[in-house]
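> How does the following fold in three dimensions:
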Amino acid sequence: MKRFISILILISMLFPLMAQSSSSDSNKDEPILDLTPVPYTDEEFPQWTKDLRRGEIIFFGSAPFSFLFTAVGYRSVKYAYNNITASAGDVVPGWNDLEQDDQKNMIYIGLGLSLTIAVIDFFLGKIQKEEND
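Okay, the predicted model is just below:
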């Protein structure tokens with residue numbers, strides 16, 4: 001059964017190559033189509049889609065840094081506020097004792113920080129565009 005399946009897969013992978021070579025032999029007189037992509041023009045997409053794409057890139061690009069700084073800040077504040085004592089396995093005291101609510105709060109704060117960065121960039125871009133016009 002395994003041999004049959006492997007032969008079937010091999011035939012299905014080689015069939016397009018055989019079909020392409022036989023069709024290219026019969027169509028030698030047809031001109032070759034130019035498949036080079038054409039660059040986008042400025043009028044092809046509305047401005048709001050470009051702004052949305054820029055915001056998406058900035059949001060997801062800043063997310064890892066937002067999560068990192070949120071984790072460091074949240075844990076540092078928790079350590080300083082609760083005056084946690086060090087246990088035997090902790091390199092930095094209080095960093096391994098986060099509850100599920102703490103983890104959710106860190107995620108929400110990180111996402112909010114990334115969204116704030118993206119919105120600030122959007123408004124700064126609008127201001128800069130108005131100054132240039």
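> Residue 63 is in contact with residue 114, correct?
Yes. At 4.6 Å, residue 114 and residue 63 qualify as touching, with contact defined as Cβ atoms under 8 Å. Using the backbone N, CA and C atoms, a C-beta is placed for each residue, glycine as well.
> More neighbours: which of these two?
Shown here are residue 114 and residue 63; by other Cβ atoms under 10 Å, residue 114 has more neighbours (21 against 17).
> quick one: that one and residue 58, what's the gap?
Note on residue 114: its distance to residue 58, by Cβ to Cβ, to the nearest Å, is 8 Å.
> State the mean pLDDT of the helix or strand containing residue 79.
Element membership for residue 79 (DSSP states H and E) is helix 47-82. Regarding helix 47-82, the rounded mean pLDDT is 90.
> Then stretch 98-107?
Across stretch 98-107, the average pLDDT comes to 86.
> just stretch 119-133 next, same as before
So the average pLDDT for stretch 119-133 ends up being 92.
> Now that stretch: buried residues?
By neighbour count on 16 or more other Cβ atoms under 10 Å, the buried set for stretch 119-133 is residue 121.
> contacting residues around that stretch?
With contacts defined as Cβ atoms under 8 Å, 6 or more residues apart in numbering, stretch 119-133 is touched by 51, 54-55, 58.
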